[in-house]
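Participant: Sequence and computational prediction follow.
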Amino acid sequence: QLVESGGGLVQAGGSLRLSCAASGRTFSTYTMGWFRQAPGKEREFVAGISWNGIMTSYADSVKGRFAISRDNAKNTVYLQMNSLKPEDTAVYYCAASVGRSVWRQRRVDYDYWGQGTRVSVSS
């Protein structure tokens with residue numbers, strides 16, 4: 001089970017930190033990712049992190065502004081979002097991928113999903 005938190009309303013230029021708490025003993029073996037879905041749009045990849053936290057990947061639209069990290073001792077993955085823009089407004093989903101590379105960025109590459117947390121950025 002994946003449970004996201006940390007969403008909310010923020011002004012453009014502001015920051016938010018999303019958290020995703022996972023249950024189960026196998027969290028540390030999963031590639032973890034964040035996706036987002038804006039109204040009327042497809043769900044898109046935002047960031048991914050390897051099971052050991054060494055490798056990360058990002059969508060071009062968030063590179064240099066967002067940072068993904070994980071704490072396997074706490075079964076938690078984070079998404080630090082800085083310099084937020086109105087176009088970052090979306091529901092953000094945490095996802096787990098079993099046995100796939102952090103470079104696999106398609107929705108179908110992820111096996112387990114959270115319920116999402118809403119992020120709204122005002123201009």
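Facilitator: Thanks, I have it.
Participant: any idea how far residue 14 is from residue 114?
Facilitator: Distance, residue 114 to residue 14, by C-beta to C-beta, to the nearest Å: 23 Å. All C-beta spots, glycine's among them, are computed from the backbone N, C-alpha and C.
Participant: how about the strands in this structure?
Facilitator: Residue ranges of the strands in the chain, as given by DSSP state E, are 2-5, 8-11, 16-22, 31-37, 44-49, 56-58, 66-71, 76-81, 90-97, 112-113, 117-122.
Participant: Could you tell me how many residues sit around residue 21?
Facilitator: A count of nearby residues for residue 21, using other C-beta atoms under 10 Å, gives 16.
Participant: what distance separates stretch 31-50 from the centre of its chain?
Facilitator: 6 Å (C-alpha atoms, centre = their mean, to the nearest Å).
Participant: wait, what's in contact with the residue nearest the centre of the chain?
Facilitator: Nearest to the geometric centre of the chain sits residue 34, at 2.2 Å (C-alpha atoms, centre = their mean). By C-beta atoms under 8 Å, 6 or more residues apart in numbering, the contact set of residue 34 is 18, 20, 46-48, 68, 77, 79, 92-95.
Participant: returning to what we had before: more neighbours: which of residue 114 and residue 14?
Facilitator: residue 114 (20 against 14).
Participant: Could you list everything the residue nearest to that one when sequence neighbours are not counted pairs with in the sheet?
Facilitator: Among residues not flanking residue 114 along the chain, residue 2 sits closest, at 3.7 Å (C-beta to C-beta, 6 or more residues apart in numbering). Beta bridges link residue 2 to residue 22 when assigned by DSSP bridges.
Participant: Any figure for the gap between residue 2 and residue 35?
Facilitator: 12 Å.
Participant: before we move on, what about residue 65?
Facilitator: 16 Å.
Participant: These two - which one has more neighbours?
Facilitator: Legend: neighbour count by other C-beta under 10 Å for residue 65 and residue 35, higher for residue 35 (25 against 15).
Participant: Now do the contacts for residue 32.
Facilitator: 20, 22, 48-49, 68, 70, 77, 94-97.
Participant: What about the spatially closest residue to residue 72 that is not a sequence neighbour, how many residues nearby?
Facilitator: Distances taken as C-beta to C-beta, 6+ apart place residue 28 nearest to residue 72, at 4.0 Å, with adjacent residues excluded. Residue 28 has 16 neighbouring residues, counting by other C-beta under 10 Å.
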